[in-house]
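Asks: would you be able to build a 3D model of this:
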Amino acid sequence: MNKAAMKADFEAMLKFVDKTFPYGFKKSPTSQKTPRVRFDSLAVGVHLALKQKPDLKVKDVKWIGSQEFGSIITSGGQNAPRRLKSASSMCATNFLAPDSFGDGLCQERLQQEG
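Replies: Prediction:
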C-alpha cells in the first residue's frame, strides 16, 4: 500500500469518527485526555469496518460508553498486541453489526484470546 492510499484511509477514518461519535475519541465532552488504547481500538476498528463497508453508516454507538467496552480497554495488559487486536476487532464487529455487542460474543472471544 502506498503512502497516498494510507493517508486516504486515515482521513476516511477521521471523517467517520467526526460524523459518528458525539465527542470524537473522547469519552465525554469534559474529558481532557483520550487513553491510547481507546484511540487505537476505535481508530483501527473504524478502519477495519470501512475496509469491509466503505459506505458504512452507524446510527448507534452507545456501546462505546458501555461498562463492557470500558472493562475491555482498561483491563490489565490492554496494550499487548493480542489484546489490542481483539479490542479493535470487537469495535469493527460492532460498527458492522451493532446488535451483536450485547450477546457476549465479543467478551467471550477476548477471554479465549487473552
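
Asks: looking at the chain, which helix or strand is least sure?
Replies: helix 105-113 (a mean of 45; mean pLDDT, DSSP states H and E).

Asks: so which strand or helix has the residue nearest to the spatial centre of the chain?
Replies: By CA atoms, centre = their mean, the chain has its centre lying nearest to Leu42, at 2.6 Å. Element membership of Leu42 [criterion: DSSP states H and E] is helix 36-52.

Asks: touching, the residue nearest to the centre of the chain and Cys91? I think so.
Replies: Yes: the criterion here is CB atoms under 8 Å, and Leu42 meets it with Cys91 at 5.8 Å. To be clear about C-beta, it is placed using only N, CA and C from the backbone, and glycine gets the same treatment.

Asks: what residues does the helix holding Leu42 touch?
Replies: 9-10, 12-13, 16-17, 21, 25, 27, 56, 64, 72-74, 78-79, 84, 87-92, 94-96 (CB atoms under 8 Å, 6 or more residues apart in numbering).

Asks: now do the next helix or strand after that helix and helix 36-52, the angle between them.
Replies: On the C-terminal side of helix 36-52, the closest following helix or strand by DSSP H and E is helix 67-74. On the basis of axes from the mean of the first three to the mean of the last three CA atoms, to 10 degrees, helix 67-74 is oriented at 110 degrees to helix 36-52.

Asks: quick one: buried residues of helix 67-74?
Replies: Residues of helix 67-74 classed as buried by neighbour count (16 or more other CB atoms under 10 Å): Phe69, Ile72, Ile73.

Asks: next: stretch 12-25.
Replies: So for stretch 12-25, counting by 16+ other CB under 10 Å, buried means Ala12, Met13, Phe16, Val17, Thr20, Phe25.

Asks: could you export that stretch as PDB, CA atoms only?
Replies: C-alpha atoms of stretch 12-25 as PDB (Å, rounded to 0.1, in the frame of the first residue of the first chain):
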ATOM      1  CA  ALA A  12     -11.600   8.500   5.900                       C
ATOM      2  CA  MET A  13     -11.400   7.000   9.400                       C
ATOM      3  CA  LEU A  14     -11.100  10.500  10.900                       C
ATOM      4  CA  LYS A  15     -14.100  11.800   8.900                       C
ATOM      5  CA  PHE A  16     -16.200   8.800  10.000                       C
ATOM      6  CA  VAL A  17     -15.300   9.400  13.700                       C
ATOM      7  CA  ASP A  18     -16.100  13.100  13.300                       C
ATOM      8  CA  LYS A  19     -19.500  12.300  11.800                       C
ATOM      9  CA  THR A  20     -20.400   9.400  14.000                       C
ATOM     10  CA  PHE A  21     -19.000   9.900  17.600                       C
ATOM     11  CA  PRO A  22     -20.500  12.800  19.500                       C
ATOM     12  CA  TYR A  23     -17.300  13.500  21.400                       C
ATOM     13  CA  GLY A  24     -14.800  12.200  18.800                       C
ATOM     14  CA  PHE A  25     -12.400   9.800  20.500                       C
END
